[in-house]
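J.: Predicted model follows, preceded by the sequence.
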Amino acid sequence: MPSLDALLTQENPSGLYRLDWTGDPAALAETVAARGWRVFFLDGRRAVDKPSFLRLAAEAMAFPGYFGWNWDAFEECLTDLAWVPAAGYLILYEDPVTLAAHAPEVWATAYAILADAVETWRQTATPMVILLRGGDHLLAHLPAVTVTPGEEQV
């Protein structure tokens, strides 16, 4: 189980992980942003279907005006991010279980696109880490990342 620090300092840590930590996402975001990374927080309690999930992602990641509000457009924006250049990208998706409970097929598609996106970023020099937090029964198959004491502070 790697720590967040170990994950962020690897040469290309791109991947999809389960976050085993209950601390403040804002503190974590500050720490990661201090490394030159862009941090996007998705409050999954607001995503209960495809339109609300896409709206959540578009708002959190400041998708450009040409975003097409469909799965292909979501994937294209997720694997481009040219409008928000950074040393790396971290998406913290809080409570994905809400979407999985309300719209399992939508969750399955969103999850597949997230997983494909990190594979795309692995082929670049820019890492993308996606941390899913909450609903451990849903995420048990993912490798876990922990945040050690003090690691969430700059």
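T.: Cool, got the structure.
J.: For stretch 86-94, give me every contacting residue.
T.: 8, 13, 19, 25, 28-29, 32, 35-45, 61, 81, 114, 121, 126-134 (Cβ atoms under 8 Å, 6 or more residues apart in numbering). In this view, the C-beta of every residue, glycine as well, is placed from N, C-alpha and C.
J.: Which pLDDT value goes with R45?
T.: pLDDT recorded at R45 is 96.
J.: where's it relative to G134, distance?
T.: 9 Å (Cβ to Cβ, to the nearest Å).
J.: For the two, list the residues in contact with both.
T.: With Cβ under 8 Å, 6+ apart as the test, R45 and G134 both reach E94, D95.
J.: More neighbours: which of the two?
T.: For the pair R45 and G134, the greater number of neighbours falls to G134 (17 against 13), based on other Cβ atoms under 10 Å.
J.: List phi and psi for the residue most central in space within the chain.
T.: Nearest to the geometric centre of the chain sits I91, at 2.5 Å (Cα atoms, centre = their mean). Phi and psi for I91, reported as degrees, to the nearest 10, are phi -110, psi 120.
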